[in-house]
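> show me the folded form of this:
(one chain, ligands or ions: 1)
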Amino acid sequence: MSQRKHIVAGNWKMNKDYDGGRALAQAVVDQLQATDTHVIFGTPFIHLKSVSKIVSGINNVHLAAQNVHQADSGAYTGEISAAMLRSVGCDFVILGHSERRAYFGEAGQLIADKVKQALKHELGPIYCCGEELDVREAGRQEEVVKAQIESELFHLSAEEFGQVVIAYEPVWAIGTGKTASPEQAQDMHAFIRQLIQDKYGADTANATTILYGGSVKPANAKDIFSKPDVDGGLIGGASLKANDFNAIIQSF
Ligand code: PEP
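Have a look, this model is predicted:
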């Protein structure tokens, strides 16, 4: 049994109005059973404060934002800073998500800068990486994920890296209903852990939580989470249903 933290993180994406978000978080919390698994609500910005009140005082339940700007403050209309996120009780931020990469052009140095900025303000990055379908079909998934991680995370010191949670999310499995097989997830997670070991050593590699994301549902979570290098999940669609999200949390 590994000593790594198990995490189930929800990514609500751009869903739920203010009351709907409160109702969802409250429903999840009401059903939550005792568990060692850490639970993270990745909500739109407008929900952070109200969900923070709902989860306050509950052990191992945290909040994540879905973006942060790389500067401390200033004339960046429409953006949000790490300090602002900290001020409403946010502990994590999702970075490098494939939707940010595909629709907002985020990659490489920008993600590296956002990771660094998050850490400067004690926000734990939930760093997403993963290959597109054509890359998988060409058998080049390891090459692509390695390049992402090297350019976007390996500028960190070992101490900084220790605060990062990695989410491997094959793009072809996100929101598509297609899930990587537990073996495909395990192979990539083991590969990522080896990369970390080569760069930062075995202790850091063994302590790094690596989540799988891509159409995780109550029906497949147990099989995926049973793999030795899979430490939990980043959950999109199923995090919007309290019953499903709770069932996934209970899947270890
Ligand atoms: C995600 O958005 O990170 C995700 C994994 O979505 P879904 O679970 O809906 O595939």
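
> report how many residues lie close to Gly213.
A count of neighbours around Gly213, defined by other Cβ atoms under 10 Å, yields 27. Bear in mind the C-beta positions are built from the backbone N, C-alpha and C, glycine included.

> next one: Gly74
Should you count by other Cβ under 10 Å, Gly74 turns out to have 8 residues around it.

> are we agreed that it is in a helix?
No - Gly74 is assigned coil when assessed by DSSP: H, G, I helix; E, B strand; the rest coil, not a helix.

> look up how far the ligand lies from it.
When Cβ to the nearest ligand atom, to the nearest Å is the yardstick, Gly74 and the ligand sit 29 Å from each other.

> with Ser81 as the reference, measure out to that residue.
Counting by Cβ to Cβ, to the nearest Å, the separation of Gly74 from Ser81 is 9 Å.

> for the closest residue to Met14 other than its chain neighbours, grab phi and psi.
In space, Met14 comes closest to Pro44 once its chain neighbours are excluded; the distance is 6.2 Å by Cβ to Cβ, 6 or more residues apart in numbering. Listed backbone geometry of Pro44 is phi -60, psi 160, with angles given as degrees, to the nearest 10.

> what's the pLDDT at Pro44?
At Pro44 the predicted local confidence, pLDDT, stands at 98.

> likewise Ser2?
pLDDT for Ser2: 55.

> which ones are touching Leu24?
Taking Cβ atoms under 8 Å, 6 or more residues apart in numbering, we find Leu24 in contact with 12, 16, 240, 242.

> which of those fall in helices?
Judged by DSSP state H, the subset of the contacts of Leu24 located in helices is Ala242.
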